[in-house]
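>>> Got a predicted model here, sequence first, then my questions.
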Amino acid sequence: MPRTGPQIIPISDPSDPRLADYANLKDRQLAAMADLSKPDPSGMFMAEGELVVRQLALSGLVIRSLLMTPTRLETMRDLVESLPDHIPVYLLPLEAMSAIVGFHIHRGVLAAGQRPTERDPRQLAREARTALVLEDLANHDNVGGLFRTAAALCGLDRTAVFLSPRCCDPLYRKAIRVSVGTALRVPFARLSPWPDSLGILREAGFTIVALTPDERATPIHALPICPRPVLLVGAEGPGLNEETLHQADLLARIPMAPGVDSLNVVVATGIALDRLRG
């Protein structure tokens, strides 16, 4: 059957029911649509901005629809024409678009995506070459930044991110945006029970390196090269729990100048990953 091309649908009425996915959807509302306590949460996520939507198109995740301004259609026509025929592309003037979605940082293009099935952590651990483990991070900016850092330093097709049960959702709109879409492409899974399930990574052949300011830890530049490292990081302030530290094979710290006790978790992780990758 010949390809007919994407469904480009101009809309003049912001209350059109076909735009229901986009109507004033904040992160809290999106999260409410997905029960993150279940292995296979349902619901959707929102991708905003051209760079992020392009990453979504490359991710293989299900795209429900796109919403963009006529101007953005011209700048992104190559992507639009590459989409499967069944995906609708709704066109709406910028002012109407901002009014319906409830925020103004979409830069004229949004995509509604279908939340994927939760990955099996054991299988993901076997597939990944390097990994990052996040314990109880509650800041979406930091989670997005960590996905971007892992992708940049370790490679989209070589790394994975594992999350403690209380770590915030990488598919929150803000986390996706800060990650520049890499949260849609770097595979992730939640580990439970915590922290005992870290043993899954050791069974897969990883060396678990916990990043901590503790003076007992080895300076990061003095660590041996690990052929298959996984870096374990905690939230800013509390850091890693003692029980979690006991699960690590190695403790690593980044030496600090006098008067400064820590770095932002994204910066610290970037330094550590650069060292661990050899």
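Everything's here; your move.
>>> Start and end of stretch 174-192, how far apart?
For stretch 174-192, the first-to-last residue distance is 25 Å (Cα to Cα, to the nearest Å).
>>> would you list every one of the helices in the stretch 151-278 of the chain?
Along the stretch 151-278 of the chain, counting by DSSP state H, counting those that start in this stretch, helices occupy 173-178, 199-203, 242-245, 265-276.
>>> can you list these in TSV and add mean neighbour count, mean pLDDT and distance to Val230?
C-beta here means a position set from N, CA and C on the backbone, and glycine is covered the same way. Formatted as TSV, the helices of the stretch 151-278 of the chain follow (neighbours: other Cβ atoms under 10 Å; pLDDT from 0 to 100; distance: least, Cβ to Cβ, whole Å):
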stretch	mean neighbour count	mean pLDDT	distance to Val230
helix 173-178	23	93	21
helix 199-203	16	97	5
helix 242-245	14	96	13
helix 265-276	20	94	9
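>>> I'd like to know which helix or strand in this protein has the lowest mean pLDDT.
helix 27-32 (a mean of 51; mean pLDDT, DSSP states H and E).
>>> mind checking how far the residue lying closest to Ile87 once chain neighbours are set aside is from Val80?
Of all residues beyond its chain neighbours, the one nearest Ile87 is Ile63 (5.4 Å), with distances taken as Cβ to Cβ, 6 or more residues apart in numbering. Separation of Ile63 from Val80 (Cβ to Cβ, to the nearest Å): 11 Å.
>>> Quick check, central residue of the chain?
Compute the mean C-alpha point of the chain, and by Cα atoms, centre = their mean the closest residue is Ala183, 2.5 Å away.
>>> Make sure that one is actually in contact with Ile176.
Yes - under the criterion of Cβ atoms under 8 Å, Ala183 is in contact with Ile176, at a separation of 5.0 Å.
>>> Find the residues that touch each one of the two.
Overlap between the contact sets of Ala183 and Ile176, as judged by Cβ atoms under 8 Å, 6 or more residues apart in numbering, is given by 144, 170.
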